[in-house]
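Asker: one predicted model, sequence on top.
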Amino acid sequence: MRHIISPTDLTVSELTDLLNLAEKIIQNPKKYSEVCRGKKLATLFYEPSTRTRLSFEAAMLNLGGNILGFSSADTSSAAKGESVADTIRVISSYADICAMRHPKEGAPYVASLYSSIPVINAGDGGHNHPTQTFTDLLTIKNLKGRLDHLTVGFCGDLKFGRTVHSLIYALSRYSSIKFVLISPEELRIPTYIKKELLEANDIPFEEVRVLEKAIPKLDILYMTRVQRERFFNEEDYIRLKDTYILNSRKMSLAKEDMLVLHPLPRVNEIATEVDDDPRAVYFKQAEYGVYVRMALIMKLLEVDLC
Ligand code: CP
């Protein structure tokens, strides 16, 4: 039995197979419409979500399976003080696989220690969001044609943005990747990522403050929302929330084939005028999330298509 807690829990070769399966599903979704008949996915969401929870549920329904779960801690027995360990022991007898989102870093890992079904981390605090990363990789591979030889800019809240952390770890395994980390001083990438991953593996990166200066060199621009829910005080959030707003003027400085990704939800950091730019692929990215999660559920449930 496998759990997916971190974006590197799949080897590069397994990840290639996963993305290839997702592409096959995109080409012929009907072929997969019954492969999980009789199987159940539990979505245990202790934190708000639109895309991740609903795309997991759509994925299981598309595979012919069933879904159950809760969408907030308040509507589960967590509100009465139940531990994650006890909850997952019980859910293990109700479902075949589960996706868990939790505000505390490491909660899905703790769940995996007590679970007898595969646990998928659907986002844990400011730490990791591996299935968003698989979605991002499918988007880049399909729309850019490669996962190597890329200069990737991350812009916004690089401190608390778990999608950023996960994608940096995942992309670092491909050759000739350079990172441009665009953020205010207060929202820089955590030191452990710089020291243990980037510097330790000689992966080129630079930290800059000004988006306009960085944008001309990028193949991918990954915009992020400032994560209000992780700030200790509202004043800091208000001061930093509109540091970056991508608009048509800034897009005019970018390469003609640069792609703009965003895990969504968006607040102010991308002006809606950018949505019509063919380089803005964040809604396509959200769509890919269903297919990659279908592929992941199949892999973890060891569905054999023959
Ligand atoms: N990208 C993402 O995780 O979105 P949700 O918070 O809506 O699930």
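Answerer: Structure's in. What do you need?

Asker: what's stretch 224-241 in contact with?
Answerer: Under the contact criterion Cβ atoms under 8 Å, 6 or more residues apart in numbering, stretch 224-241 has outside partners 47, 103, 125-126, 154-158, 160-161, 163-164, 184, 186-187, 243, 262-263, 265-269. In short, each C-beta sits where N, CA and C put it, glycine included.

Asker: centre of the chain to it, how far?
Answerer: Relative to the mean C-alpha coordinate of its chain, stretch 224-241 is positioned 20 Å out (Cα atoms, centre = their mean, to the nearest Å).

Asker: where do the strands of the stretch 1-150 of the chain begin and end?
Answerer: With DSSP state E, counting those that start in this stretch as the definition, the stretch 1-150 of the chain shows strands at residue ranges 40-45, 66-70, 97-102, 119-124, 150-155.

Asker: and of the ones you listed, who's closest to the ligand?
Answerer: Evaluated with Cβ to the nearest ligand atom, the strands of the stretch 1-150 of the chain place strand 119-124 nearest to the ligand, the distance being 5.7 Å.

Asker: who are the packing partners of that closest one?
Answerer: Strand 119-124 is packed against helix 51-62, strand 97-102, helix 107-114, helix 130-144, with contacts defined by 3 or more Cβ pairs under 8 Å, 6 or more residues apart in numbering; DSSP states H and E.

Asker: spit out the contact partners of Ile117.
Answerer: If you count contacts by Cβ under 8 Å, 6+ apart, Ile117 has them with 1, 91-92, 95-98.

Asker: any idea how far it is from the ligand?
Answerer: Shown here: Ile117 relative to the ligand, a distance of 21 Å by Cβ to the nearest ligand atom, to the nearest Å.

Asker: what sits against the closest residue to that residue other than its chain neighbours?
Answerer: In space, Ile117 comes closest to Ser92 once its chain neighbours are excluded; the distance is 4.9 Å by Cβ to Cβ, 6 or more residues apart in numbering. When contacts are counted by Cβ under 8 Å, 6+ apart, Ser92 is found next to 115-117.

Asker: need the pLDDT of Ser92.
Answerer: In this prediction, Ser92 carries a pLDDT score of 98.

Asker: quick one: it from Cys98, how far?
Answerer: Here the criterion is Cβ to Cβ, to the nearest Å. By it, Ser92 lies 8 Å from Cys98.

Asker: Thr135: how many residues sit nearby?
Answerer: Here the neighbour count serves as a burial measure; for Thr135 (other Cβ atoms under 10 Å) it reads 29.

Asker: what does the stretch 101-250 of the chain have sitting close to the ligand?
Answerer: When proximity is defined by Cβ under 6 Å from any ligand atom, the stretch 101-250 of the chain lies next to the ligand at 123, 132.

Asker: please, where are all the helices along the stretch 101-250 of the chain?
Answerer: Per DSSP state H, counting those that start in this stretch, the stretch 101-250 of the chain carries helices over the ranges 107-114, 130-144, 162-171, 191-193, 211-214, 234-240, 248-251.

Asker: where's the fourth one relative to the chain centroid, distance-wise?
Answerer: In other words, helix 191-193. For helix 191-193, the separation from the chain centroid amounts to 19 Å (computed by Cα atoms, centre = their mean).

Asker: so which elements touch it?
Answerer: Packed next to helix 191-193, using 3+ Cβ pairs under 8 Å, 6+ apart, are helix 162-171.

Asker: would you turn the helices of the stretch 101-250 of the chain into a markdown table with distance to Arg51?
Answerer: Formatted as a markdown table, the helices of the stretch 101-250 of the chain follow (distance: least, Cβ to Cβ, whole Å):
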| stretch | distance to Arg51 |
| --- | --- |
| helix 107-114 | 17 |
| helix 130-144 | 8 |
| helix 162-171 | 11 |
| helix 191-193 | 24 |
| helix 211-214 | 24 |
| helix 234-240 | 22 |
| helix 248-251 | 24 |
